[in-house]
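Peer 1: Take this sequence and fold it.
(one chain, ligands or ions: 1)
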Amino acid sequence: MSASSDRPAHDVRTDGPTGAGAGGGADLDAMHDLRVDYRLADAEGGLDAADLAPTPLGQFQRWWAEVAGDDAAAGAPRVVEPNAVVLATADADGLPDARTVLLKDVDARGFVVYTNLRSAKARQLQAVPHAALVLPWHPVQRQVRVRGAVEQVSRAESAAYFATRPRGSQLGAHASAQSRPAAGRADLQRALDEAAARWPEGVEVPLPEHWGGYLVRPVEVEFWVGRPSRLHDRLVYVSSTGAPVPLDDPAAWRVERRQP
Ligand SMILES: Cc1cc2nc3c(=O)[nH]c(=O)nc-3n(C[C@H](O)[C@H](O)[C@H](O)COP(=O)(O)O)c2cc1C
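Peer 2: Okay, here's the model as predicted:
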């Protein structure tokens, strides 16, 4: 920890006129004084091209082990829901949209998420089969960003994942016409009850026709570390062909440092 900071790295600075101490940011007017001084990298190290794994998959695995594994001191993961990822899409008119989903697989092909195949995001992905992902790992002052092409995961792969979901989630997938208007919670509950009656306890809940995975096949994967004075580290693996390439092929990627 440098001499310029006598507070913990995660301490939110609320030095403004209304920002005196805990809760100082609760007033919307105090929002402009809310900022975190990113200093974790002082102790943990920033990101240097020489230290990066040879492939984006290797680097992602390395960071995942650090954020999803239990913190030795706290006995809990350093990031809660580290697989919560913001999926950004665009509709046919170019209007962007974004929402959090759960990352369920990462391998040499890319990043896999699951959703309703008739949802707003699904319609958008049908119109514009490209997406961006953001993993905002605030507690460790890191971020991973991905941009790439999107394709639907095979029904067999979706079924294999669906079978591992808790029964309540499986029934919910049948019950919800995601993104459609809902009259109220009562209708949703009725749809869930109907699904539960159709596939009682002990009976396998089949993969709904309208449910499955999307694979984001990256052309760029950025690893970001917060640093003091907003001079953050940004190292980006860029596909050498400009098209999606295997995430585990060192020859397929070059690394670029970008200004923060
Ligand atoms: C932490 C978190 C995890 C979520 N995970 C998923 C998910 O894995 N799949 C999904 O379809 N929606 C998930 N959602 C709900 C989405 O954010 C969103 O409300 C929903 O998919 C409808 O989006 P759309 O109307 O843009 O298609 C999650 C929300 C949160 C906050």
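
Peer 1: can we go C-alpha only for contacts and neighbour counts from here?
Peer 2: Fine.

Peer 1: right, is stretch 194-214 up against the ligand?
Peer 2: No: Stretch 194-214 stays clear of the ligand (CA under 6 Å from any ligand atom), getting no nearer than 8.9 Å.

Peer 1: buried ones in that stretch?
Peer 2: 195-196, 205, 207-208, 211-214 (16 or more other CA atoms under 10 Å).

Peer 1: Run through who's touching it.
Peer 2: Outside of stretch 194-214, the residues within contact range by CA atoms under 8 Å, 6 or more residues apart in numbering are 112-118, 150-155, 158-159, 162-163, 167, 170-171, 173-175.

Peer 1: Contacts only, for G110.
Peer 2: 215-218, 246-247.

Peer 1: Mind telling me what element A53 is part of?
Peer 2: Assigned by DSSP states H and E, A53 belongs to neither a helix nor a strand.

Peer 1: That one contacts L47, doesn't it?
Peer 2: No: A53 is beyond contact range of L47, at 10.9 Å (criterion: CA atoms under 8 Å).

Peer 1: Longest strand in this structure, please.
Peer 2: In the chain, taking DSSP state E as the definition, the longest strand is strand 211-225.

Peer 1: about what we covered before: tell me the two of the buried residues of stretch 194-214 that are most distant?
Peer 2: A196 and Y214 (26.5 Å; CA to CA).

Peer 1: Give the helix, strand or coil label for A26.
Peer 2: Of the three states, A26 takes coil according to DSSP: H, G, I helix; E, B strand; the rest coil.

Peer 1: Also the one 3 residues further on?
Peer 2: For D29, the secondary-structure state derived from three-state DSSP is helix.

Peer 1: go on, L57?
Peer 2: Assigned by three-state DSSP, the conformation of L57 is helix.

Peer 1: Enumerate every residue touching the nearest residue to Q141 once chain neighbours are set aside.
Peer 2: Using CA to CA, 6 or more residues apart in numbering and skipping the chain neighbours, the partner closest in space to Q141 is G226 (5.4 Å). If a contact means CA under 8 Å, 6+ apart, then G226 has 38-41, 141-142, 232-233 as its contacts.
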